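Enquirer: just need the structure, nothing else, for what follows:
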Amino acid sequence: MDLQIDEFYKDAAAGMLLLYQAFPRKVALYVEDLIGREEPDEFGLPSKRHQACLGALLWLAEEGYIRYDSTIAYDALDQAVLTEKGFIRLSRGIPHALPEGDSQPAGVRRVRATLAWQLREALAQQNSEKVARLTRLLFESALSPASDIV
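Expert: Numbering: from 1, shown residues only. Down below sits the predicted model:
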């Protein structure tokens, strides 16, 4: 099993969700806020886990999901914000995210069917399989427009 891939999915989802909650403001996106405090190695360098999380955030930027002005040492991305691509992907509705016959108001159903809501729920439940599946969905360029309820 490739544990680093599961961690990548979790880090990418958590980073994107922090920026989604701050959108459209630019914020400092700290690795420690995503994975907690990691002790540096004996040379004072960030742990492999810390580096992997920062790498996931940098990858998101390289692939056009987020934008940032600079890094703050190895600790954070400064002035980070979702790009249009990132925002649209997180705010789109997921087919079959809600049970049939859901009687909640339309606005509530719309919000709860979004990829952002579903990812937040999966992270809160610590359901790594669901986080992986939803994060892969985040990276898919197209969902059927007919199934998007946004």
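Enquirer: give me the next element, helix or strand, following the helix or strand of the chain with the lowest mean pLDDT.
Expert: In the chain, no helix or strand scores lower on mean pLDDT, DSSP states H and E than helix 106-112, which sits at a mean of 74. Following helix 106-112 in sequence order, the next helix or strand is helix 115-124 (DSSP states H and E).
Enquirer: buried ones in that following helix?
Expert: Within helix 115-124, the residues scored as buried using 16 or more other C-beta atoms under 10 Å are 115-120, 122-123. C-betas here are computed from N, CA, C, even on glycine.
Enquirer: state the pLDDT value of Ser103.
Expert: pLDDT recorded at Ser103 is 72.
Enquirer: repeat for Ala113
Expert: Taking Ala113 on its own, its pLDDT is 81.
Enquirer: about what we covered before: how about the CA coordinates for the least confident helix or strand of the chain, as PDB?
Expert: Output of helix 106-112 as PDB, limited to C-alpha atoms (Å, rounded to 0.1, in the frame of the first residue of the first chain):
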ATOM      1  CA  ALA A 106     -33.000  23.200  -2.000                       C
ATOM      2  CA  GLY A 107     -30.200  25.500  -0.700                       C
ATOM      3  CA  VAL A 108     -29.200  23.000   2.000                       C
ATOM      4  CA  ARG A 109     -29.300  20.200  -0.600                       C
ATOM      5  CA  ARG A 110     -27.100  22.200  -3.000                       C
ATOM      6  CA  VAL A 111     -24.500  23.000  -0.300                       C
ATOM      7  CA  ARG A 112     -24.400  19.400   1.100                       C
END
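Enquirer: buried residues in it?
Expert: 110, 112.
Enquirer: picking up where we left off before, nearest to Ser141 among the buried residues of helix 115-124?
Expert: Each of these was checked against Ser141 using C-beta to C-beta; the closest is Leu115, at 13.3 Å.
Enquirer: residue contacts, that closest one?
Expert: 89-94, 134, 137-138 (C-beta atoms under 8 Å, 6 or more residues apart in numbering).
Enquirer: any idea how far it is from Ser103?
Expert: For Leu115, the distance to Ser103 equals 23 Å [C-beta to C-beta, to the nearest Å].
Enquirer: following element in sequence after the longest strand seen in the chain, please.
Expert: In the chain, taking DSSP state E as the definition, the longest strand is strand 76-82. Once the chain leaves strand 76-82, the next helix or strand it forms, by DSSP H and E, is helix 84-91.
Enquirer: kind regards, and thank you for your time.
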